[in-house]
Every structure is written in structure tokens, then in C-alpha cells.
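Enquirer: curious how this folds, go ahead:
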Amino acid sequence: MKKLLFYSACIFSILLMVNSLSAENGPKKPAKPIRKTNREAVNADLKLPAGFTASLIAEDLGAARHLVVSKTGDIYVKLAKMKDGKGIYRLSDTNKDGIMDQQTGFGGYPGTGIFIKNGYLYSSSNSGIYRYQLNEKEEVINPDQPEEIVTGLVLRDRDKSKSIAVDDASNIYVNVASYNDACRKPGTGKGIMPCSILDSAAGIWQFKTNKLNQTYKDGVRYATGLKNVVGLDWNTKTNSLFVTQHGRGQFHDFYPQYYTPKQSGEMPAETMYEVRQGSDAGWPYVYYDQFQKKKILAPEYGGDGKKTGGEKTLDPVAVFPAHLGPNGLLFYTGTMFPKKYQNGAFIAFHGQSPELKKGYLVAFVPFKNGKPSGAWEVFADNFAGIDLVKPIGPVQYRPCGLAQGPDGALYVTDDLNGSLYRIAFKGK
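Expert: Below you'll find the model as predicted:
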């Protein structure tokens with residue numbers, strides 16, 4: 001009897017060990033739902049206007065950048081860093097409980113941009129653009145066989161994002177950021193004149209959506225003088241492209257005779273532009289000073305913080321505090337939200353402003369007749385999860401991408417912890 005008990009214990013221990021090894025080395029299951037609860041129960045995570053609710057519908061996605069929602073409610077998320085060898089994840093809510101309980105990865109490359117238009121999913125790497133054919137449910141037909149439509153875009157060590165937007169005339173627009181903060185000569189405070197970076201970066205390039213293997217010579221430099229516009233969206237009301245620019249920095253570092261540390265932390269403004277073919281926003285020669293409300297000549301090019309310049313360059317249509325980092329731009333075309341928000345612009349800010357001691361938020365800019373019709377306002381706040389005036393811990397979430405669902409809900413990605421939010425309107 002004692003021997004029988006001993007052998008039984010041994011067999012039980014072996015079974016436990018085998019089960020443990022299977023769990024570690026076996027195939028990975030789709031990510032589990034973050035919680036089984038109703039959407040309203042999660043509303044306390046964000047500060048929203050009255051009548052709005054927010055739910056956390058997925059997490060642990062990785063470096064989730066931009067996203068797009070299909071007509072059936074599935075969500076495609078682009079990752080800046082690959083997760084399990086995949087750079088795109090399709091999320092599905094299989095039991096319709098409000099939680100994205102199934103994840104399917106494909107696309108073996110990192111990147112930021114993603115867009116659905118006319119039967120295709122468009123996705124950018126850090127140096128090119130791919131497209132995937134969709135079926136009638138907007139599911140990718142051949143996820144392992146994308147068609148490369150643009151290749152060879154500039155890729156350096158910083159600001160690699162290639163954000164994209166598609167218009168109604170089979171054109172795709174891609175941001176190619178500057179890899180130099182102010183087109184400055186290494187080791188000096190002098191600017192390169194003329195700025196040689198502008199021939200292949202610091203602008204928007206236009207390509208065709210239905211032509212394969214395009215390079216710079218096949219495209220059009222649609223707009224220039226844009227340091228880095230991670231947020232861009234085609235406005236169907238104005239039939240034009242809008243972008244949000246990350247401003248430059250290091251004023252005091254290189255030019256303490258003109259700028260105090262405080263000024264360096266508060267300037268220049270982050271800016272929104274409406275761009276058309278041939279537009280020039282002025283980088284690196286000028287920047288926008290939101291306090292003087294003027295375009296100021298950059299110190300690398302003879303400026304002193306007061307001299308104006310760029311008379312023939314674009315004026316911003318909206319300005320925001322410095323260093324907020326506008327990473328997502330979306331014109332809201334749904335009807336779920338109150339009329340105030342319809343056709344206006346939502347912006348996901350990825351950084352924080354030393355001037356305001358605020359950041360990591362989604363803002364809203366009202367529009368009327370294709371132009372901003374009022375001051376910008378905070379729409380969704382508290383992604384940081386801490387007091388930014390007196391922080392006692394690390395930031396929890398950083399908003400990055402924005403998308404609109406078929407029902408009019410607003411989706412927001414977080415590329416710090418890989419969370420995904422759904423914001424809906426429930427009030428009157």
C-alpha cells in the first residue's frame with residue numbers, strides 16, 4: 001500500500017511538470033479579455049465631458065500606434081515595434097460583450113500608418129507602404145502576401161514614423177519626417193543653407209494607391225517645410241489634407257543669448273496646417289511663436305527670437321502649447337456625438353507641456369465651413385494617471401492613434417502599455 005501511494009505521488013508530480021512545460025512552450029493563445037464587465041464600469045479611468053463614457057477594450061498590445069476600424073467593427077492596429085514577429089494586429093469582439101477577445105497578427109514589419117479605403121487595407125513600414133486586399137467584410141484576404149506600393153523612403157535613427165492618409169482620387173499621402181531637429185550643421189549652431197534635408201524628408205509625398213513599387217521619382221513632393229507630422233487626415237468636407245506638426249526644440253541649449261530655459265520649454269507652438277500641393281510650412285527657416293502670434297526667423301538662420309520671417313509660408317490654422325506631441329488627427333464624421341463635435345478635429349497628444357503642466361490627452365478643435373471656429377479644448381484627459389504638476393510616479397498611458405467606428409464611437413490607442421480605449425456618447 002505504501003509503495004502504491006509512493007508511485008501515485010510520483011506520477012502526479014510528473015503530470016504537473018508536463019502540464020507546466022506545455023503551458024510554457026505550447027502555442028500562445030489569443031490575449032484574454034481585460035475584464036468581464038460593462039463598459040460604464042470603466043468610465044472613471046478618463047475625464048470626459050458630460051454624457052460620454054470610456055471603456056478599456058484591449059491591453060498589452062505592444063507599441064500600438066495608429067489604427068482603423070472596419071465596417072464590421074474589427075480593429076486593425078499598427079505597431080511601432082513588432083509583437084511575436086507581427087507588426088499589425090486585427091482585434092475582434094467575438095461574443096459582442098464590448099471586449100476585443102481575439103487577436104490575429106500579420107505583417108512582419110514595424111510602423112505607424114494604417115488606413116482602409118476602397119477595398120484595401122494600407123499599412124506603412126518605416127520606409128515604405130503596403131496594401132492588402134479586403135473581402136466584403138473588410139477582412140484581409142492574403143495577410144502573408146501584401147503588395148508593396150511605395151519603397152525606399154528615407155529612414156534614419158529618429159522620427160521614423162510614416163503616417164498615411166488616402167483621398168477620394170486614389171492618392172495616398174505619407175509623412176517623411178526630418179531626421180535633424182533644425183537642419184543644423186553638426187557641432188555648430190549654424191543652419192544648413194539651403195536645407196538639403198528637404199529634398200527627401202520634412203514633408204508630405206503623394207503617391208498612387210494602385211501602382212506597385214513606386215519610389216521618390218514616381219511620387220510628388222506634395223508639401224514641404226514640415227518637420228514631422230505624425231498626425232494627418234484627409235478632410236472630406238474641404239477635400240484637403242490637414243496635418244499636425246511636432247515643433248523643434250533646443251532654443252536655450254544653442255542660443256542662451258536669445259532664449260531663457262523657460263522660453264525653450266514653452267516654444268515653439270505645436271501647429272495644425274491645411275496643406276495643398278505646393279504648400280510650404282517654413283521649417284527649418286521659421287517657427288511659430290504662439291505668444292507673439294507670429295512666424296519667427298529661426299536662430300540657425302539669423303533670428304534672435306524677435307525677427308519675423310516666412311512671409312510666403314503657410315500660417316497655421318490652429319496652434320497648441322509646445323512639446324505636447326500631436327500624434328493622431330481625426331476629423332469626426334459620425335452622428336453618435338453631439339452636433340458640436342461633428343466635422344470637428346480630434347487630436348491625440350503624446351507628450352506634455354511644461355507651460356501648462358498638462359499632457360497625454362485627446363483635444364478637440366471645433367470646425368465650421370472647413371475652418372477652426374473656436375479655441376481648442378481638452379476632450380479626454382487623465383491618460384497619464386498621475387498629477388503632472390507634482391508627479392509621484394511614472395506616466396501610465398500615452399495617447400497616440402485615433403479612429404472612428406461604424407457606430408460613431410471614438411477609439412484611442414496607447415503606445416506605452418498597448419491599451420485601447422473606446423469612447424462613446426450616452427447622454428442626451
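
Enquirer: contacts, neighbours, all on C-alpha from now
Expert: Fine.

Enquirer: buried residues of the host helix or strand of residue 263, list them for me.
Expert: Per DSSP states H and E, residue 263 falls inside helix 261-266. Within helix 261-266, the residues scored as buried using 16 or more other C-alpha atoms under 10 Å are 264, 265, 266.

Enquirer: likewise for stretch 338-354?
Expert: Going by neighbour count (16+ other C-alpha under 10 Å), the buried part of stretch 338-354 is 341-354.

Enquirer: surely residue 350 and residue 398 touch.
Expert: Yes - counting by C-alpha atoms under 8 Å, residue 350 does reach residue 398; the two are 5.4 Å apart.

Enquirer: okay, and the common contacts of those two?
Expert: 360, 361 (C-alpha atoms under 8 Å, 6 or more residues apart in numbering).

Enquirer: and residue 365, what does it touch?
Expert: Here residue 365 is in contact with 344, 345, 346, 372, 373, 374, 375, 376, 377 (C-alpha under 8 Å, 6+ apart).

Enquirer: the same query, at a cut-off of 10 Å, please.
Expert: When contacts are counted by C-alpha atoms under 10 Å, 6 or more residues apart in numbering, residue 365 touches 318, 331, 340-341, 343-347, 371-379.

Enquirer: what does residue 319 give?
Expert: When contacts are counted by C-alpha under 10 Å, 6+ apart, residue 319 touches 244-245, 268-273, 288-290, 293, 375-376.

Enquirer: that one: which element?
Expert: strand 318-320.

Enquirer: report the rounded mean pLDDT for that strand.
Expert: On average, the pLDDT along strand 318-320 is 98.

Enquirer: got the contact list for the nearest residue to residue 136 once chain neighbours are set aside?
Expert: Nearest residue to residue 136, sequence neighbours excluded (C-alpha to C-alpha, 6 or more residues apart in numbering): residue 119, at 7.9 Å. Contacts for residue 119 (C-alpha under 10 Å, 6+ apart) come out as 131, 132, 133, 134, 135, 136, 137, 138, 139, 140.

Enquirer: list only those of those residues flagged as buried.
Expert: Neighbour-count burial (16+ other C-alpha under 10 Å) is assigned, among the contacts of residue 119, to 131, 132, 133, 134, 138, 139, 140.

Enquirer: ok, what's across the strand from the last one?
Expert: Beta-bridge partners of residue 140, counted by DSSP bridges, are residue 134.

Enquirer: what's the spacing between it and residue 128?
Expert: Distance, residue 140 to residue 128, using C-alpha to C-alpha, to the nearest Å: 19 Å.

Enquirer: not counting the helix holding residue 263 itself, show me its contacts.
Expert: In contact with helix 261-266 (C-alpha under 10 Å, 6+ apart) are residues 248-253, 255-256, 258-260, 289-291, 305, 321-323, 353-356.

Enquirer: residues in contact with residue 405?
Expert: Counting by C-alpha under 10 Å, 6+ apart, residue 405 makes contact with 68-75, 334, 411, 422-424.

Enquirer: what is the burial count for residue 396?
Expert: When neighbours are counted by other C-alpha atoms under 10 Å, residue 396 registers 14.

Enquirer: and residue 200, by the same measure?
Expert: For residue 200, the count of nearby residues is 17 (other C-alpha under 10 Å).

Enquirer: same question for the one 5 residues further on.
Expert: The burial count assigned to residue 205 is 22, neighbours taken as other C-alpha under 10 Å.

Enquirer: which of the contacts of residue 119 sits closest to residue 150?
Expert: Taking C-alpha to C-alpha as the measure, residue 131 is the one of the contacts of residue 119 closest to residue 150, at 9.7 Å.

Enquirer: just give the closest residue to that closest one, not the sequence neighbours.
Expert: Of all residues not flanking residue 131 in the chain, residue 122 sits nearest, at 4.4 Å (C-alpha to C-alpha, 6+ apart).

Enquirer: and the helix or strand harbouring the one you found, what does it pack against?
Expert: Residue 122 belongs to strand 120-124 when assigned by DSSP H and E. Packing partners of strand 120-124 (3 or more C-alpha pairs under 10 Å, 6 or more residues apart in numbering; DSSP states H and E): strand 64-69, strand 75-83, strand 86-92, strand 114-117, strand 129-133, strand 147-150, strand 164-166.
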